[in-house]
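Undergrad: sequence first, predicted model second:
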Amino acid sequence: MGEEFLTQEEIDALLKSLEAQAKGEAAAEAAGAAGEQPGAEQPAGQPAGGVSEAGTDIAGSRTLERLLSLPLEVTVILGSARRPLRELMTLKPGQVVELAEPYGAPVEVSMNGRPVATGELTVVGDHFGVRLLKLVSPAARARGLGRSETS
């Protein structure tokens, strides 16, 4: 588990870079549709606008590839309980804290603190796993990577 995770600020910066790039591409496409010529000449052998012969944006592709290869923290929330502080202060090893959710209830799966799915607990070899039952849409998952509460 020696992988380093990006901070939320680094993820936000990558997403903003990708958004700015997409806006720039849209402006370039609009200028091209209007018949305008780009102001700077491309180096020999490089396609105009940084677009490969296959029609993909080279820099955008690298940014997207980096973004898609980011390791994200995956958290499974089994349940919760609300107890008075007095009770929590007297807990001892071996005691059981009953959760509000019933046995077998779906668990919440989050990535970087954002809900992405619900599922059911399962066992995979000697480890716990989660069988995904319901996923948030891919577009909503991508939007959820950026900071929405404070940005």
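TA: Cool, the structure landed.
Undergrad: report the longest strand in the chain, please.
TA: For the chain, the strand with the greatest residue count under DSSP state E is strand 114-124.
Undergrad: for the helix or strand just after it, list every residue counted as buried.
TA: Sequence order places strand 127-135 as the next helix or strand after strand 114-124, per DSSP states H and E. By neighbour count on 16 or more other C-beta atoms under 10 Å, the buried set for strand 127-135 is Val130. C-beta here means a position set from N, CA and C on the backbone, and glycine is covered the same way.
Undergrad: then stretch 7-19?
TA: By neighbour count on 16+ other C-beta under 10 Å, the buried set for stretch 7-19 is Ile11, Asp12, Leu14, Leu15, Leu18.
Undergrad: so what does the longest strand of the chain touch, helix or strand wise?
TA: For strand 114-124, the packing partners by 3 or more C-beta pairs under 8 Å, 6 or more residues apart in numbering; DSSP states H and E come out as strand 107-111, strand 127-135, helix 138-145.
Undergrad: same list, those, but as CSV with distance to Lys23 and mean pLDDT please.
TA: Shown next, in CSV, are those (distance: least, C-beta to C-beta, whole Å; pLDDT from 0 to 100):
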stretch, distance to Lys23, mean pLDDT
strand 107-111, 26, 92
strand 127-135, 28, 93
helix 138-145, 16, 71
